[in-house]
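Participant: Predicted coordinates and the sequence they were generated for:
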Amino acid sequence: MAASLTVCLLFWGMMIVDESLLLDNPNVTFPLWWSHATHSAPLFGNLLDIILYPPGKPYMSLVILFGVSFASTYLAYTEYLISKFQQYPYPFYQRMTQQVRYQFYGASFFGFVAACVICYVVCRLFSTSPKVTQKKRDKKADNQHGASKSNNSRPRNKPRKQE
């Protein structure tokens, strides 16, 4: 969801500023509506998916790990196409020097991390998982089993003996 949010915001931001940044490539023969659909529909599809099928409680580290993996793969492939074949996925890449392109990637990365945080919060809001911490679970288990003080001092990573 974070990737689709980032792509949608970048796409529409550039469309509003200057349409030729994205659609000035004479080699591209697909219709304008297709470009809009492929850059906008995934975000709305993800939102609908979250509403209809609420996710479990996400882990921020996994959200960022998968997102960064996806973005890194896309950037590596983009740079491969540019360096090997001089093929640019969007006209604005062709207008940038390599240094400016890398600065754009860096700025996009920070925007992407912000999108990860936003998506994490949205997923948590719709999450069906109980929001109980491990400390609360341990405390509740200790109270239910009438654990003595000696049991409370046991290391947390060792399993509790059955009584």
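Facilitator: Received it, and whenever you're ready, just let me know what you need.

Participant: just the helices in the chain please.
Facilitator: 2-17, 20-23, 32-52, 60-85, 91-95, 98-126, 134-144, 149-152 (DSSP state H).

Participant: highest average neighbour count across those helices?
Facilitator: helix 2-17 (a mean of 17; mean count of other Cβ atoms under 10 Å). C-beta: built from backbone N, CA, C; applies to glycine.

Participant: Work out the gap between that helix and the centre of the chain.
Facilitator: 14 Å (Cα atoms, centre = their mean, to the nearest Å).

Participant: What of stretch 120-132?
Facilitator: That offset, for stretch 120-132, works out to 16 Å (Cα atoms, centre = their mean).

Participant: go on, stretch 98-106?
Facilitator: 20 Å.

Participant: just use 413 as the starting number from now, easier for me
Facilitator: Okay, using 413 as the starting number, the last item reads as stretch 510-518.

Participant: in the chain, which ranges drop under the pLDDT threshold?
Facilitator: 437-441, 542-550, 557-575 (pLDDT under 70).

Participant: Surely Val419 and His451 touch.
Facilitator: Yes - the pair Val419 and His451 passes the contact test of Cβ atoms under 8 Å, sitting 5.7 Å apart.

Participant: Now do the end-to-end distance for stretch 498-516.
Facilitator: Distance across stretch 498-516, first residue to last, is 18 Å (Cα to Cα, to the nearest Å).

Participant: Show residues contacting it.
Facilitator: 426, 432-437, 490, 493-494 (Cβ atoms under 8 Å, 6 or more residues apart in numbering).

Participant: chain center to that stretch: distance?
Facilitator: The answer for stretch 498-516 is 23 Å, by Cα atoms, centre = their mean.

Participant: that older thread, could you identify the most distant pair in the contacts of stretch 498-516?
Facilitator: Checked with Cβ to Cβ, these reach their widest spread between Ser432 and Leu493, with 20.3 Å between them.

Participant: give me every residue that touches Leu422.
Facilitator: Taking Cβ under 8 Å, 6+ apart, we find Leu422 in contact with 520, 523.

Participant: let's see it at 7 Å
Facilitator: By Cβ atoms under 7 Å, 6 or more residues apart in numbering, Leu422 lies in contact with Ser520.

Participant: Can you tell me how far it is from Gly468?
Facilitator: Computed as Cβ to Cβ, to the nearest Å, the Leu422 to Gly468 distance reads 29 Å.

Participant: Pop out the phi and psi values for Thr540.
Facilitator: Main-chain torsions, Thr540, degrees, to the nearest 10: phi -100, psi -10.

Participant: Could you give the number of residues near it?
Facilitator: By other Cβ atoms under 10 Å, the residues close to Thr540 number 9.
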